[in-house]
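K.L.:
starting from these lines, generate the structure:
(one chain, ligands or ions: 1)
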Amino acid sequence: MKSDQSIIKKADEWAVSVWQKALTRWSVRSGQDKSYRWHVAHPAVVDIMSKRRHNRGLRILDLGCGDGIILDDPKFRELIGDDGAYLGVDVSDKLLEIARDRLTDENISFIRGNLSDPDIARRIIEKGIAWDVLLSVYVIQELPDIESFIMNLAKLVQTSAYVIIVTVHPDFAGWLKQTGSLKLEENLTSSNEQETSSWRWAGYYPIVDEPNDTFSLPHFHRTVGDYRSLLGKSGFVVDKILELPDKQRDLPQLVKQGFSPFSQFENNVYWPRIGEEPSALAIISRKETVSGQE
Ligand SMILES: C[S@@+](CC[C@H](N)C(=O)[O-])C[C@H]1O[C@@H](n2cnc3c(N)ncnc32)[C@H](O)[C@@H]1O
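P.N.:
Got it, this is the predicted structure:
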C-alpha cells in the first residue's frame, strides 16, 4: 500500500461527512452497540490491563475516546483509581462535550484533535504524563491516514508502556461487504486494492441499533497483515492479536444468553455470522527495544 496526500485529504473529508450524518444517532445509541462494549470489548481490554503489572493507578491515554464511554464501566475507574490518570482525545466537539459534562474528576481530562495530525503528539506530551497504556477502541478503521496515526503512537509510547488497539475484524467487515450490508464508497475504492492508498477499500460500516434502523460509520479496510506491517514499520512489536469474542469460550454464551447483537432480530444485518465468528480484534503491541536499552 502507498500513501498519497491528495486521496487522504479526500478520504478525510468523506469520513467527516459520514460522521456528520451519524453523529445524532451515535450520541444516543443504545441496544447492541453498548451491549457489545459491555459484554465483549471492555472485558477483553480490562483483562489485558489487569494481567499486566499495573493494577492500580493506571494512566490511560484513550485515542478516539468519543463520549468517554469506557469510563462508564466501573472496572476502568477502578484501574485508574485516585492515583492514575485518563486523557481522552477525539476530533468531535459534540462527543467531547458529552464526555466533559459527565466526567469531571480531577484526574480525567480531554483534548480535541485529529489523531493523524503530527501536532497532536506534541500537545499530549505537553501534559507531562508517562502513559501506561495507549488505548484506541474502534477508531483505527476510521482513519484514512493510519501511517501518521501510528507515527504519533510511536512518539507517545514509552518503552514500559503498551498499546491496545480494538478494531473491527477484517473478515467480519469482508463478510458484510460480500453480503451487500456494507456499501462501498466507490470514489475511494480502486479496482486494484494495492493502489488506492493506505487502505484496500472504503465503505459505510453499518451500525445496528436495535430496535432502530442501521446507520453508518466510515470504514477503511486493512487486513491483519497490513496492521502488522504498519506497526512494524514504525518500530512496534505485536505481542498478541486476540479475536473477540473468543469463539470457544465467550461466543456460545453470548448467543445462548441472547445478548444483542448476538441474537436474531429485525434489522440485525450482522446475523447470523455475529453468532458464529469473532467480529473484533484486539491488537496488543509495544515499542521494540534494542537489547540492553530501556
Ligand atoms: C466508533 S467511535 C468509537 C469511540 C469510542 N472509542 C468508543 O469506544 O465508543 C470512533 C471515534 O473516533 C473519532 N475519530 C474519528 N476520526 C478521528 C480522527 N481523525 N481524530 C480523532 N478522532 C477521530 C470519532 O469522533 C469517534 O469518537
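
K.L.:
three-state assignment of Glu147?
P.N.:
Classification of Glu147 by DSSP: H, G, I helix; E, B strand; the rest coil places it in helix.

K.L.:
can you list the weak-confidence ranges in the stretch 101-250 of the chain?
P.N.:
192-197 (pLDDT under 70).

K.L.:
residues in it within reach of the ligand, list them.
P.N.:
Asn114, Leu115, Ser116, Val137, Tyr138, Val139, Glu142, Leu143, Leu217 (Cβ under 6 Å from any ligand atom). For every residue, glycine as well, the C-beta is placed using N, CA and C.

K.L.:
got the contact list for the second one?
P.N.:
With contact set as Cβ atoms under 8 Å, 6 or more residues apart in numbering, Leu115 has these partners: Leu63, Gly64, Val89, Val91, Ser136, Val139, Leu143, Phe149, Asn152.

K.L.:
quick check, nearest of the residues of the stretch 101-250 of the chain next to the ligand to Ile274?
P.N.:
When those are compared for distance to Ile274 (Cβ to Cβ), Tyr138 wins out at 15.2 Å.

K.L.:
count of neighbours near the closest one?
P.N.:
20 (other Cβ atoms under 10 Å).

K.L.:
follow-up on the earlier one: let's have the contacts of Leu115 in JSON lines, adding distance to Arg52.
P.N.:
What follows is the contacts of Leu115, written out as JSON lines (distance: Cβ to Cβ, whole Å):
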{"residue": "Leu63", "distance to Arg52": "18"}
{"residue": "Gly64", "distance to Arg52": "21"}
{"residue": "Val89", "distance to Arg52": "22"}
{"residue": "Val91", "distance to Arg52": "28"}
{"residue": "Ser136", "distance to Arg52": "17"}
{"residue": "Val139", "distance to Arg52": "21"}
{"residue": "Leu143", "distance to Arg52": "25"}
{"residue": "Phe149", "distance to Arg52": "23"}
{"residue": "Asn152", "distance to Arg52": "22"}
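
K.L.:
and the residue of the stretch 1-150 of the chain nearest the ligand?
P.N.:
Gly66 (2.9 Å; Cβ to the nearest ligand atom).
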